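**Student:** the amino acid sequence is not available; the structure is as follows:
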């Protein structure tokens, strides 16, 4: 077991971060999405009935407000905005492909979401679903309350900006906030699966917190597979939240400042945990985050098996006096990073 993994297993604040992320994921997957989706399907059917044209637009561009010349998209837009609790706030048209409103329930939902979504596709996340519930009037009779939604959004933001460290005090407060939303939803939800999930809120929370505790125990016993898998899932979720946050920012100066803040905190974390560094760099590169440069990896080309060569041990630059030969540049396709490969004397 690596020293950095051992340190994380004994770091209560890091484990609190993992547990809070796990509880937020259960809230999203098992409760918020079923709750929102059922009402969204009903809303979508009402919008269809209000469309007198019954046609699918073929011409309106994505990421732009539909022109008034398109009667179909204009009808859908007007009826959707009638249910927006704050239309003056403005619709983020970069989220949307309006011509698929009649076919996609989530494309309709994205009209109420903050900037950061992609037209034509949707992968649910806590922030966007909660904003949809907050701003769409179809949920106003469901007794959730704007304050409660904003409190859970604050938990999500606190987790994202925590530097992957949450104190015991904040962990208890975060879980209590999530628990309050679960108990409120239990009184107004009618999805069968979600009802089952909410039947015992305390039990649900204990089970999902125990998942992390059991993974820690297995790692201490020598089997770290479950813990590492859970870590990577939660870190991937963390990067997705960062990506959404950055894409939602309109001001260029704010965007650069936030991006640098994320880069700094993540760089510190991955530098302290080298067993996760390659995974973190790979995930970061996908959303445009670049961490501080590290020494390039050097391998001898004549040591590389043509099929499995990338699995051979690395030769670091400080060993280059052993190989005073030319350098070629190749790409490590697993992590999409440059690898400097020694050509080997017999190839010169």
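**Tutor:** Received, thanks. In this text the structure is predicted, and so the values were computed from the model without any measurement.
**Student:** other residues contacting stretch 212-232?
**Tutor:** Here stretch 212-232 makes contact (CB atoms under 8 Å, 6 or more residues apart in numbering) with 1, 5, 8, 9, 15, 18, 19, 22, 211, 276, 279. In short, each C-beta sits where N, CA and C put it, glycine included.
**Student:** just flag the most distant two among these.
**Tutor:** 1 and 22 (22.0 Å; CB to CB).
**Student:** so who does residue 48 touch?
**Tutor:** So residue 48 contacts residue 102 (CB under 8 Å, 6+ apart).
**Student:** what is the end-to-end distance of stretch 218-233?
**Tutor:** 17 Å (CA to CA, to the nearest Å).
**Student:** quick one: it to chain centroid distance?
**Tutor:** Taking CA atoms, centre = their mean, to the nearest Å, one finds stretch 218-233 lying 21 Å from the centre of the chain it belongs to.
**Student:** one step back: among the contacts of stretch 212-232, which ones are buried?
**Tutor:** Taking 16 or more other CB atoms under 10 Å as the criterion, what is buried in those is 5, 8, 9, 15, 18, 19, 22, 211, 276, 279.
**Student:** just those residues now: which is nearest residue 162?
**Tutor:** residue 18 (11.2 Å).
**Student:** need the longest helix for the protein.
**Tutor:** Using DSSP state H, we find that the single longest helix of the chain is helix 225-247.
**Student:** re earlier: will you turn the buried ones among the contacts of stretch 212-232 into JSON lines that also has pLDDT?
**Tutor:** Formatted as JSON lines, the buried ones among the contacts of stretch 212-232 follow (pLDDT from 0 to 100):
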{"residue": "5", "pLDDT": "81"}
{"residue": "8", "pLDDT": "85"}
{"residue": "9", "pLDDT": "80"}
{"residue": "15", "pLDDT": "87"}
{"residue": "18", "pLDDT": "88"}
{"residue": "19", "pLDDT": "87"}
{"residue": "22", "pLDDT": "87"}
{"residue": "211", "pLDDT": "75"}
{"residue": "276", "pLDDT": "85"}
{"residue": "279", "pLDDT": "81"}
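**Student:** now, which of the residues you listed lie within strands?
**Tutor:** Residues of these located in strands (DSSP state E): none.
**Student:** so of those, which ones are in helices?
**Tutor:** 5, 8, 9, 15, 18, 19, 22, 211, 276, 279.
**Student:** wait, doesn't the last one sit right on residue 235?
**Tutor:** Spelled out, that is residue 279. Yes. Counting by CB atoms under 8 Å, residue 235 is a contact partner of residue 279 at 7.1 Å.
**Student:** any low-confidence regions in this structure?
**Tutor:** Across the chain, the ranges flagged by pLDDT under 70 are 1, 141-143, 187-201, 204, 220, 222, 286-287, 291-348.
**Student:** re earlier: just how off-centre is the longest helix of the chain within its chain?
**Tutor:** 6 Å.
**Student:** mind listing what's buried along that helix?
**Tutor:** Buried-residue list, helix 225-247, by 16+ other CB under 10 Å: 226-228, 230-231, 234-235, 237-239, 241-247.
**Student:** show me where the chain has its helices.
**Tutor:** Using DSSP H, helices in the chain cover 3-9, 12-26, 33-49, 71-82, 105-109, 126-135, 146-160, 168-186, 192-198, 201-220, 225-247, 252-272, 274-286.
**Student:** nearest to residue 116, out of those?
**Tutor:** helix 225-247 (3.7 Å).
**Student:** how much does the closest one deviate in direction from helix 274-286?
**Tutor:** Relative orientation of helix 225-247 versus helix 274-286 (axes from the mean of the first three to the mean of the last three CA atoms, to 10 degrees): 30 degrees.
**Student:** let me know the angle separating helix 225-247 from helix 146-160.
**Tutor:** Going by the same axes, to 10 degrees, helix 225-247 makes 110 degrees with helix 146-160.
**Student:** helix 225-247 to helix 201-220, inter-axis angle?
**Tutor:** Going by the same axes, to 10 degrees, helix 225-247 makes 120 degrees with helix 201-220.
**Student:** residue 41: neighbour count?
**Tutor:** 10 (other CB atoms under 10 Å).
**Student:** actually, residue 219.
**Tutor:** Using other CB under 10 Å, residue 219 has 20 other residues around it.
**Student:** my read: residue 153 touches residue 128, true?
**Tutor:** No. Between residue 153 and residue 128 there is no contact under CB under 8 Å: 10.5 Å.
**Student:** hang on, the earlier thing: which member of the ones in helices among the buried ones among the contacts of stretch 212-232 is positioned nearest residue 95?
**Tutor:** Looking across those and measuring by CB to CB, the closest to residue 95 is residue 22, at 27.9 Å.
**Student:** what sits closest to that closest one if chain neighbours are left out?
**Tutor:** Of all residues not flanking residue 22 in the chain, residue 208 sits nearest, at 5.0 Å (CB to CB, 6 or more residues apart in numbering).
**Student:** is it true that the one you found touches residue 24?
**Tutor:** No. Between residue 208 and residue 24 there is no contact under CB under 8 Å: 9.9 Å.
**Student:** out of these two, which sits in the more crowded spot?
**Tutor:** Taking other CB under 10 Å, residue 208 and residue 24 do not tie; residue 24 has more neighbours (25 against 18).
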